[in-house]
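Participant: Please work out how this folds:
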Amino acid sequence: MVGRRREARARVEIVRVPESEAPPDGSVTSKQEAQVTLPRSELDRIWSAEYLERLAATYWRFLTRASLGVLRVLYSDDAREIAVIGRPFVLLRFFPPEYEAQQDCGTVTWRIKEGLLVAPGGRGRGYLRISVRRPKVDGGGELVTGTVSSEVANFYPLIAGWGWFSRVGRHLYRITQLRIHIVVTHAFLRSLARLDLVPSRVGALAARSSNPRAPV
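Facilitator: Numbering: from 1, shown residues only. Next comes the predicted model:
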């Protein structure tokens, strides 16, 4: 713990938000959020489109490390996949990421395509989104507090089932997949205190760092 504290370059505080929503249609939505306080000079250094992409890559790296390598992130031109060891055991398959970068916020969204964890009726629906936001107006001090959030929305878990089983299935989902997801996501958000953002394997936004639409 002492070593980790010495490495920390920012302070992370988890924000308590409602853990999940479950509309009657069988979908679920879950959001985790943290406030990150860091020196203004550090924030200005990383506030670019390139680092938005690096934040996304860091999330995948953390997922692999947290699972001790059991979960692998597989890249292709038209998909991102989370697999157990490798194919064909693909738990989640996403469309390529979609980035949106503005002056005071940025988002990366992976729309869910299919996978072993997705109910047949949920294929092609829902998304995973990571968002970062800095205050539009601040006091101009040496420290700045921004917000980082991770959201899974409109997700249809296979384990929740349908029909008469859905009431039991939803409870099963909450105490298994959802609980694990929350624990891992909170751990990821806390890990951002070290500001160790891995370079992206794709590097699609590296050239956009000076783009006026990118966060600056």
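Participant: Next SSE downstream of the top helix by length along the chain?
Facilitator: Using DSSP state H, we find that the single longest helix of the chain is helix 49-66. Next helix or strand after helix 49-66 toward the C-terminus (DSSP states H and E): strand 71-76.
Participant: who's sitting farthest from the centroid in the protein?
Facilitator: Distance from the C-alpha centroid of the chain peaks at residue 164, with 32.2 Å (CA atoms, centre = their mean).
Participant: can I assume that residue sits in a helix?
Facilitator: Yes - the assignment for residue 164 (DSSP: H, G, I helix; E, B strand; the rest coil) places it in a helix.
Participant: any idea how far residue 158 is from it?
Facilitator: From residue 164 across to residue 158, the span is 16 Å (CB to CB, to the nearest Å). Every C-beta, even on glycine, is put in place using the N, C-alpha and C of the backbone.
Participant: so what's the nearest residue to residue 70 once chain neighbours are set aside up against?
Facilitator: In space, and not counting its chain neighbours, residue 70 is closest to residue 84: 6.2 Å by CB to CB, 6 or more residues apart in numbering. If you count contacts by CB atoms under 8 Å, 6 or more residues apart in numbering, residue 84 has them with 70, 71, 72, 91.
Participant: Nearest spatial neighbour of residue 77, chain-adjacent residues omitted?
Facilitator: residue 96 (7.5 Å).
Participant: Check residue 162 too.
Facilitator: Per CB to CB, 6+ apart, closest to residue 162 is residue 26, 6.3 Å.
Participant: Please determine how far that neighbour is located from residue 52.
Facilitator: In terms of CB to CB, residue 26 sits 32 Å off from residue 52.
Participant: before we move on, what about residue 58?
Facilitator: For residue 58 relative to residue 52 (CB to CB), the value is 11 Å.
Participant: repeat for residue 35
Facilitator: For residue 35, the distance to residue 52 - CB to CB - is 18 Å.
Participant: Counting neighbours, go ahead and name the busier of these two.
Facilitator: residue 52 (28 against 14; other CB atoms under 10 Å).
Participant: sorry, back to before: which neighbouring elements make contact with the longest helix of the chain?
Facilitator: Helix 49-66 sits against strand 71-76, strand 98-101, strand 105-114, strand 127-133, helix 179-191, with contacts defined as 3 or more CB pairs under 8 Å, 6 or more residues apart in numbering; DSSP states H and E.
Participant: Select, out of those, the one closest to residue 42.
Facilitator: With CB to CB as the criterion, residue 42 lies closest to strand 127-133 of the helices and strands packed on helix 49-66, at 13.6 Å.
Participant: So what's the model's average confidence on whatever helix or strand comes next after that closest one?
Facilitator: Downstream of strand 127-133, the first helix or strand assigned by DSSP H and E is strand 143-155. For strand 143-155, the mean pLDDT works out to 95.
Participant: residues in contact with strand 143-155?
Facilitator: 15, 27-40, 43, 55, 59, 112, 118, 122, 125-135, 138, 181, 185, 188-189, 192.
Participant: what's the closest of the helices and strands packed on helix 49-66 to residue 10?
Facilitator: Of the helices and strands packed on helix 49-66, nearest to residue 10 by CB to CB is helix 179-191, at 10.4 Å.
Participant: Fine by me, we can end here.
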